[in-house]
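K.L.:
My questions concern the predicted model and sequence given below.
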Amino acid sequence: MLNNNLISKISFGSVISIRGDLSLANNLLTSITFHSLKFIRGNLDLGNNQLQWVRFRSLVLIRGNLSLLNNHLTSVTFSSHMFIGGYINLYNNQLTRIAFSSLSFLGGDIYLLNSPLKSVTFGGLPSVGGLVYMSNNHLTRVTFDSVTAVGGPVQLSSNKITAIVFGSLASIGGSLDLSYNKLARITFDSVTVIGGDLTVASNELTQVTFNSLKSIGGYLDLGGNMIRNVIFGSLESVGGDIHLGNNRLTSVSFGSLAVIPGFLDLAVNQLTRIAFGSVVSIGGFLDVFANKLATIDFGSVTFIGGHVSLWNNRLTQLAFGALTSIGGSLDLGTNQLTKLDFELLGILGGFLHVDHNLLTSVTFGSLTFIGADLFLNDNKLTNITFPATLSIASSIQVCNNPGAASLLTSCQVRYATCDSIITC
């Protein structure tokens, strides 16, 4: 242990092997020469020095971790076929060049933060055992080359990335975060599994191609881009929410996706229609407000766990299809619906808002429960039939309809608890 001294230079001469750790942290090192040193059978710690470059020359084995954090490094050159059993820590340097391509094995993580580095290539390195953390740099391009697997998350947010090439990469053990970059397009190449979240929010994306991607273990966030079309293709499962809001979407194809465990956000886009394809369940809310929807068909969807927000569209037609339960509220306000038939929908956990449409008729169908208020204001209703089986937890509002008075009469005849009806 040579930590916490004033060493400025060190040379290892004819030393070939060090059995344990080599720690030179917290010195004044400006130069280190490894000469004949081949093996370090523990950790190598060169952190908190004044090194501007490191060349590992004949060093082929670091069995533990390599720490180079808090130096002045502009260049790091690994020896050919070098084996590092633990992590590499390159935090807080001035790197403009690093070549991971010489490495033959990396058992742990890569940490690279706060560096002017513009490009990273992995060359012949077959895998990264842990996470890849390279946020807050100046990266414009990342190429995974021969890497087939990353054992943990890949964190590349807050760079200036315009191109990412996944190459042979097939699996990422954790999340993939590419948010706050400058990507205009992304193609997932050979990637089939992302174990955690996939985040490419707040870029400049116009195109996303999922290729062979089949599974995302967490949520999917592509919000805040300029994407016009999303085709999920071979994607079979997403473990959480899907956020596609604040884009320029005109179409979405859900492909093989059957279950969305979390919410589905499609708000503030340019969608004119939606078909849910194979989707049968949405565990959270569904937001599609502020689009240009003329029609929506829920198709095979039977359950939505949260609210459904479709306000501020151009809906003239709405088909509930197989939908039987909505856990939250249903907002259909500010559309152009002339009639409404709830078909098989039996339970609505929150309010029903259909204000500011062109409704002349409402058919409640199988609907037996509305968990809050029923708003039918500002339509063209002259008559509504309330089934005797329908229970409404709060008030009924039918203001600014031409037949408001007769609606009240209708309710008194056919509906047992109409004392809270508001006709204005």
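P.N.:
That came in fine, so what should we check first?
K.L.:
Quick check: Gly174 touching Gly195?
P.N.:
Yes: using CB atoms under 8 Å, Gly174 is in contact with Gly195, at 5.3 Å. Every C-beta, even on glycine, is put in place using the N, C-alpha and C of the backbone.
K.L.:
can you pull out the strands in the stretch 301-424 of the chain?
P.N.:
Assigned by DSSP state E, counting those that start in this stretch, the stretch 301-424 of the chain shows strands spanning 303-304, 308-309, 317-319, 325-326, 330-331, 339-341, 347-348, 352-353, 361-363, 369-370, 374-375, 391-392, 396-397, 421-422.
K.L.:
okay, these in JSON lines with mean neighbour count, mean pLDDT and distance to Arg55 next?
P.N.:
Putting these into JSON lines (neighbours: other CB atoms under 10 Å; pLDDT from 0 to 100; distance: least, CB to CB, whole Å) gives the following:
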{"stretch": "strand 303-304", "mean neighbour count": "21", "mean pLDDT": "98", "distance to Arg55": "59"}
{"stretch": "strand 308-309", "mean neighbour count": "24", "mean pLDDT": "98", "distance to Arg55": "59"}
{"stretch": "strand 317-319", "mean neighbour count": "16", "mean pLDDT": "93", "distance to Arg55": "68"}
{"stretch": "strand 325-326", "mean neighbour count": "20", "mean pLDDT": "98", "distance to Arg55": "64"}
{"stretch": "strand 330-331", "mean neighbour count": "23", "mean pLDDT": "98", "distance to Arg55": "64"}
{"stretch": "strand 339-341", "mean neighbour count": "16", "mean pLDDT": "93", "distance to Arg55": "73"}
{"stretch": "strand 347-348", "mean neighbour count": "20", "mean pLDDT": "96", "distance to Arg55": "68"}
{"stretch": "strand 352-353", "mean neighbour count": "23", "mean pLDDT": "97", "distance to Arg55": "68"}
{"stretch": "strand 361-363", "mean neighbour count": "17", "mean pLDDT": "89", "distance to Arg55": "77"}
{"stretch": "strand 369-370", "mean neighbour count": "18", "mean pLDDT": "94", "distance to Arg55": "73"}
{"stretch": "strand 374-375", "mean neighbour count": "23", "mean pLDDT": "92", "distance to Arg55": "72"}
{"stretch": "strand 391-392", "mean neighbour count": "18", "mean pLDDT": "88", "distance to Arg55": "77"}
{"stretch": "strand 396-397", "mean neighbour count": "22", "mean pLDDT": "88", "distance to Arg55": "77"}
{"stretch": "strand 421-422", "mean neighbour count": "17", "mean pLDDT": "68", "distance to Arg55": "80"}
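K.L.:
okay if I get these as a markdown table plus distance to Ile161?
P.N.:
Shown next, in a markdown table, are the strands of the stretch 301-424 of the chain (distance: least, CB to CB, whole Å):
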| stretch | distance to Ile161 |
| --- | --- |
| strand 303-304 | 36 |
| strand 308-309 | 33 |
| strand 317-319 | 41 |
| strand 325-326 | 40 |
| strand 330-331 | 38 |
| strand 339-341 | 47 |
| strand 347-348 | 44 |
| strand 352-353 | 42 |
| strand 361-363 | 51 |
| strand 369-370 | 48 |
| strand 374-375 | 46 |
| strand 391-392 | 52 |
| strand 396-397 | 51 |
| strand 421-422 | 55 |
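K.L.:
For Ser8, which of those strands is the nearest?
P.N.:
Among those, strand 308-309 comes nearest to Ser8, with 64.5 Å by CB to CB.
K.L.:
which residues touch that closest one?
P.N.:
Applying CB atoms under 8 Å, 6 or more residues apart in numbering, the set of residues contacting strand 308-309 from outside is 267, 285-289, 326, 328-331.
K.L.:
Now, those residues that are in helices?
P.N.:
Residues of the contacts of strand 308-309 located in helices (DSSP state H): none.
K.L.:
So which of these wins on neighbours?
P.N.:
Most neighbours among the contacts of strand 308-309, by other CB atoms under 10 Å: Leu286, with 27 neighbours.
K.L.:
Now do the contacts for it.
P.N.:
Residues near Leu286 by CB under 8 Å, 6+ apart: 263-264, 266, 304, 306-309.
K.L.:
7 Å instead, please
P.N.:
By CB atoms under 7 Å, 6 or more residues apart in numbering, the residues touching Leu286 are 264, 304, 308.
K.L.:
still on that earlier bit, so which of the strands of the stretch 301-424 of the chain comes closest to Thr74?
P.N.:
For the strands of the stretch 301-424 of the chain, proximity to Thr74 was assessed by CB to CB; strand 308-309 is nearest, at 51.9 Å.
K.L.:
Can you tell me the strand partners of that closest one and which way each runs?
P.N.:
As defined by DSSP bridges, the strand partners of strand 308-309 come to strand 286-287 (parallel), strand 330-331 (parallel).
K.L.:
Distance to Gly107 for these - can I get that in TSV?
P.N.:
Putting those into TSV (distance: least, CB to CB, whole Å) gives the following:
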stretch	distance to Gly107
strand 286-287	43
strand 330-331	52
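K.L.:
helix/strand/coil for Ser101?
P.N.:
Using DSSP: H, G, I helix; E, B strand; the rest coil, the structure places Ser101 in helix.
K.L.:
in what helix or strand does the closest residue to it other than its chain neighbours lie?
P.N.:
Take Ser101 and drop its neighbours on the chain: the residue closest to it by CB to CB, 6 or more residues apart in numbering is Gly123, 2.1 Å away. According to DSSP states H and E, Gly123 maps onto no helix or strand at all.
K.L.:
how close does Gly123 get to Phe188?
P.N.:
Taking CB to CB, to the nearest Å as the measure, Gly123 falls 21 Å from Phe188.
K.L.:
Then Ala163?
P.N.:
For Ala163, the distance to Phe188 - CB to CB - is 14 Å.
K.L.:
So which of these two has more stuff around it?
P.N.:
Between Ala163 and Phe188, counted using other CB under 10 Å, Phe188 has the larger neighbour count: 20 against 16.
K.L.:
Please list all residues in contact with the more buried one.
P.N.:
Contacts of Phe188 (CB under 7 Å, 6+ apart): 166, 209-211, 213.
K.L.:
can we see that at 6 Å?
P.N.:
Contacts for Phe188 (CB atoms under 6 Å, 6 or more residues apart in numbering) come out as 210-211, 213.
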